[in-house]
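Visitor: need coordinates for the below:
(2 chains)
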Amino acid sequence: MSTKQINRKVWLEFLGSMNLAITILVAIAIASVIGTVLQQNQPYTNYIIKFGPFWHEIFQVLDLYDVYGAVWFLILLGFLVLSTSVCIYRNAPVMLRDRKHFRLNVQEKSLRVLHNFSEWTLSKSADDTEQRVQQILTTRGYKLRRKQDDDNVVIAAMKGGMNRLGYILTHTGMVVIFIGGLMDGNLTLTVKEWLGSVQIETRDIAAKDVPEISRLKPADSASFRGSVTIPEGSGSNQVFLNVRDGYLIQELPFAVELKDFRIEHYESGQPKSFESDLIIHDDQLKEPLKKTIAVNYPLIYRGYAIYQASFNDGGSILNINARPLFSKSPKPLSLKGKVNSVKQLETAEGVLNIEMDDFKLFNIFPAEKNHPSGKKFINFGPSFTFKVRDQDGQAKEYINYMSPILQEGRYFFLSGMRQSTADEFRYLHIPADENMGVERFFKFHALINDPVRVRQTAEQSVDLALKTSKLSDANLRDEVIGSMIKLVGLFNEGGYVAIDKDIREKVPEDRRVKVAEAYLKILQNMLQGLYLNLLNNEAVDISKGINVEQNRFFEDAVNGIAGIGAYGTPFYLQLVDFEHRQASGLQITRSPGKNVVYFGCVMLIIGIFMMFYIAHQRLWIILKPTESGTQLLFGGAGNRNQRDFAQHFKEFVEIFNKHLP
Amino acid sequence: MSVTQQDLVNELNPRSFISALSIFDWVWAALLFAGTVYAYQYYAGLMDAYEVGILFGAGLSLIALGWFWKATRIFMLIVAALSLLAINMYAGDLAQAEQNFFLKFLISSQSATMWMSALFVLATVTYFIHLFSGSEFVGKVATSMVWTATAMGTIGLLVRWRESYLIGADVGHIPVSNLYEVFILFAIITALIYLFYEMKFKTRSLGGFALLVISASIAFLLWYHFEKDASAIQPLVPALQSYWMKIHVPANFVGYGAFGLAAMIGIAYLIKDSVLAKNSDNKVMARLPSLEIMDDVMHKSIALGFAFFTIATVLGAMWAAEAWGGYWSWDPKETWALIVWLNYAAWLHMRLTKGWRGKPLAWWAVIGLFVTTFAFLGVNMFLSGLHSYGEL
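Guide: Presented below is the predicted three-dimensional model:
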């Protein structure tokens, strides 16, 4: 053999070796594990935060953020397919031949050494015996071939040749699956990126601003998976493809319009169905195509599959009362905002940008224990989230619930705030008044912000105390009034934390506890005074003192006000009304390889059943005529489960014992 | 003179399978077919073409199962009778579960499930007593416990199916939709696969081992029920509202059950192997089947599991292509299904082509159970992904 031929032989043996195949199988399994424990295709900033720059660099170089698209992973898969193909190439011809070949040329001595062998000396003639044997074997599904070898008759029987076909089907099926998968993979895209004709976009910009180099025409992509969110009433003729930490825009040869999106809920509050009424506009159509899609019921149009994937807000209109905190006038400012747009607000500290991020019609949460309704899940009602960004670009995120929520027996308006997405929301609890509104709270808060009222209350309080104690020192009076006003001011600005800070700064350590007690008493006194003032103004009858609810409201209001200092924005945005507009999240995909993959799967499954449950079995009979009858030699071999075949052979021996002599 | 099965096999002209069927076999087929047709007529309005196909496919498969494994005919008839009885007792009113004696203590879905749990655990103990004592009687008791437990579990699921519809027409669904329901399915299927091999190989000594994995799943089931109130019937989220669930999930559990059984036999193999190496006269070990037979059962179980697991994974991919935007997304659940598949493909290749036998493959079967358990449970518990329906 020439060197070339030897090389070829060595390569074929290596590639077709079982050791290689099993090694690759295990390697692919291990590599796949990586992709499940390391979250794939996240923005790189998340990884840097999680793993630190050192490991991030390593992971990125090894392409672990996109394992299944990584070159080395594809090479592994490619090797598996190559190995499988070589196996088929080397084994299939042998197997196909084996199916047809009855091995009629068996020799007596090779029959005798078989593990499954038996012999008989019979009195019947060779012809009779042969007839019997034929009957026994053919009625059990064996195909026979006969040969006359001088005086001897050789019969070769075979059953279950389909087993060999099973091997070919299984392994060819794997190759077919791989080919289909390749058709649907993003190989062409990867090549285009290497060549530089396509570049992914990583900036968060409007679709129309994305440059040509990050756009794909319909003809550019045979297969892709993209997503797009379409608000009710509008449409789109392009989708976004997520590629690593960026995206590309894939144009479609038609436009998808969303007429209506619907969510239905079960009584328990969980989602029951998501449906979108779509209209396809295509020059190729005589008239637009109308179809409703739902989860598990996609629309297949011109080879493009349109799935109901998710939903978002589509630009709901929000009617908001902006209630100023730190103002003596409780009058709200009326605003109209739109989700996914920015509203500007003039404040004393400059212009604030309010980014309206999202609106949700339902907020289903697990109910607190012993909730009076007895339900497991409670709908908190509509909410909207927004970010307030100041002049320096710093932002705080808020979530405000429209309806009051029952907590510990009372109703509160919740407003959550957080400084960054990594934090949990901390909530401002505004107690609802008798009308289930926020009016009383803000009126109370306005009184605290009104220096005239505060002074009045302080004066009333001090004068009453002086009268009963019969002191009368004008300086003392002014001093006390001043510090009471200051205390209320501190509390208003920063709650209990501010007062605590003040004590730490001004009061020596040994006296802090006493002073704190005194301050709290005074503060309580002041606030109660203001509260009573408020109730009086609202013509509430307090001649008999305040009742339990009014007292509870007071405590809750004070707690609420204590939190305002940390709230971070001089406004509370109260959602009073809205016009809900939804957007449907669609996934649009094109998978020309899908049917190829399915065909390969069917081949694989049929092949597996053939391989496992059809045993390729061979039986040989040599009939030697003797003076007194026949000598019968009987041997057999199976290609699979030897134990089962031995059992099978034993049964034949019993049948022969019974019917041949 | 009675004709034995063996006699029939040994005939000069053996009868074909069909002609060898008894009258009861045909009665069985008629009953099952009638039931299928009745179900079709009664529920045709609620089913689309695929579901009708699944209904008739299931009917025919059950007829075939009864013909090939005769014991299941009685089993299925009893299960059907008791389930229908329970449904009848409900008479459209869920509150009957608290008022009707039989429902409350025996055949409401929850009661039946509790009976199943108790019986499986008892059967585990009984099988081990059989192994250590050698008593044939104890062995028979254990086998009947397992049959009864399996029947109760199946009744539990079937009655639960009706109970879900009694909660609300839009809430009703086949009970294979969450982790609680599929653990019951796992126990039932594993038990059935074990019972089949018990019959085929005529040995009860492996029962304790097989029941160990079933009891483990019962332990989880009970914890899940009492700690997390998981037995409450929840309506289906939109992604699960599909006929695919009826075929993808059960196929998966034939796979999981078979792999679980193989691992338990692997453990029995390793124990016998190591005990015999030190003391070849051990009487208890002698009662276990020969190492060769255990190796064979492991192989058959893994082959069965692998065949059905392949079907289940392909069905899952086809479902994903209808629900999620593509037949393969390298989602953790999908990926781990692939890992399990590759694991057992490698096992089978080692056995079929490299001629491996015995000890190393037994170890591999046991390790395979860990891989399978992670794919079954671990992914839902620890990893995020699209397949979060089985979340704890």
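
Visitor: residue numbers of the stretch 251-392 of chain B in contact with chain A?
Guide: B:292-293, B:296, B:299, B:303-304, B:306-307, B:310-311, B:314, B:317-318, B:321-328, B:330, B:332, B:335-336, B:338-339, B:342-343, B:345-346, B:349-350, B:352-354, B:379, B:383-385 (Cβ under 8 Å from any Cβ of the partner chain). To be clear about C-beta, it is placed using only N, CA and C from the backbone, and glycine gets the same treatment.

Visitor: out of those, which are buried?
Guide: Burial by neighbour count, judged by 16 or more other Cβ atoms under 10 Å in any protein chain shown, picks out B:293, B:296, B:299, B:303-304, B:306-307, B:310-311, B:314, B:317-318, B:321-328, B:330, B:332, B:335-336, B:338-339, B:342-343, B:345-346, B:350, B:352, B:379, B:383, B:385 from those.

Visitor: just checking, residue B:308 touches residue B:251?
Guide: Yes - counting by Cβ atoms under 8 Å, residue B:308 does reach residue B:251; the two are 5.2 Å apart.

Visitor: in a strand, residue B:170, correct?
Guide: No - under DSSP: H, G, I helix; E, B strand; the rest coil, residue B:170 falls outside any strand and is assigned coil.

Visitor: surely it meets residue A:272?
Guide: Yes - contact criterion Cβ under 8 Å: residue B:170 and residue A:272 qualify, at 6.6 Å.

Visitor: okay, and the common contacts of those two?
Guide: Between them, residue B:170 and residue A:272 share these contacting residues under Cβ atoms under 8 Å, 6 or more residues apart in numbering or on different chains: A:266, B:235.

Visitor: the two: which has the busier surroundings?
Guide: Per other Cβ atoms under 10 Å in any protein chain shown, whichever of residue B:170 and residue A:272 has more neighbours is residue A:272, with 18 against 15.

Visitor: which residues does that one contact?
Guide: Here residue A:272 is in contact with A:263, A:264, A:265, A:266, B:170, B:235, B:238 (Cβ under 8 Å, 6+ apart).

Visitor: that one belongs to a helix?
Guide: No - secondary structure of residue A:272 (three-state DSSP): strand, not part of a helix.

Visitor: where does the stretch 1-150 of chain B dip in pLDDT?
Guide: Low-confidence segments of the stretch 1-150 of chain B (pLDDT under 70): B:1-10.

Visitor: mind doing that once more with 90?
Guide: Applying pLDDT under 90 to the stretch 1-150 of chain B flags the ranges B:1-20.

Visitor: and the gap between the nearest residue in space to residue A:591 that is not next to it in sequence and residue A:464?
Guide: Once flanking residues are discounted, residue A:591 sits nearest to residue A:184: 4.7 Å by Cβ to Cβ, 6 or more residues apart in numbering or on different chains. In this view, residue A:184 and residue A:464 are 84 Å apart by Cβ to Cβ, to the nearest Å.

Visitor: next: residue A:330.
Guide: On the measure of Cβ to Cβ, residue A:330 and residue A:464 end up 27 Å apart.

Visitor: who has more neighbours, those two?
Guide: Using other Cβ under 10 Å as the criterion, residue A:330 and residue A:464 rank with residue A:330 on top: 19 against 11.

Visitor: next, the contact list for the more buried one, please.
Guide: Contacts of residue A:330 by Cβ under 8 Å, 6+ apart are A:323, A:439, A:442, A:443, A:445, A:446.

Visitor: how about a cut-off of 7 Å?
Guide: A:442, A:443, A:446 (Cβ atoms under 7 Å, 6 or more residues apart in numbering or on different chains).

Visitor: which one among the residues you listed gets closest to chain B?
Guide: For these, the residue nearest chain B by Cβ to the nearest Cβ is residue A:442; the value is 41.0 Å.

Visitor: count the neighbours of that closest one for me.
Guide: 24.

Visitor: which residue is the nearest non-sequential neighbour of it?
Guide: Using Cβ to Cβ, 6+ apart, the nearest residue to residue A:442 is residue A:330, at 4.4 Å.

Visitor: so what does that neighbour have for phi and psi?
Guide: phi -80, psi 10 (degrees, to the nearest 10).

Visitor: which residues of the stretch 51-200 of chain B lie near chain A?
Guide: Those residues of the stretch 51-200 of chain B that sit near chain A, judged by Cβ under 7 Å from any Cβ of the partner chain, are B:170, B:171.

Visitor: near chain B, which residues of the stretch 501-650 of chain A are found?
Guide: So the stretch 501-650 of chain A meets chain B at A:587, A:589, A:591, A:594, A:597, A:601, A:604, A:605, A:608, A:609, A:612, A:643 (Cβ under 7 Å from any Cβ).

Visitor: tell me the secondary structure for the fifth one?
Guide: Translated: residue A:597. Residue A:597 is classified as helix under three-state DSSP.

Visitor: quick one, longest helix in the chain?
Guide: Chain wasn't specified; assuming chain A. Scanning chain A for the helix with the most residues, using DSSP state H, yields helix A:474-506.

Visitor: that was the other one, I meant chain B.
Guide: helix B:244-278.
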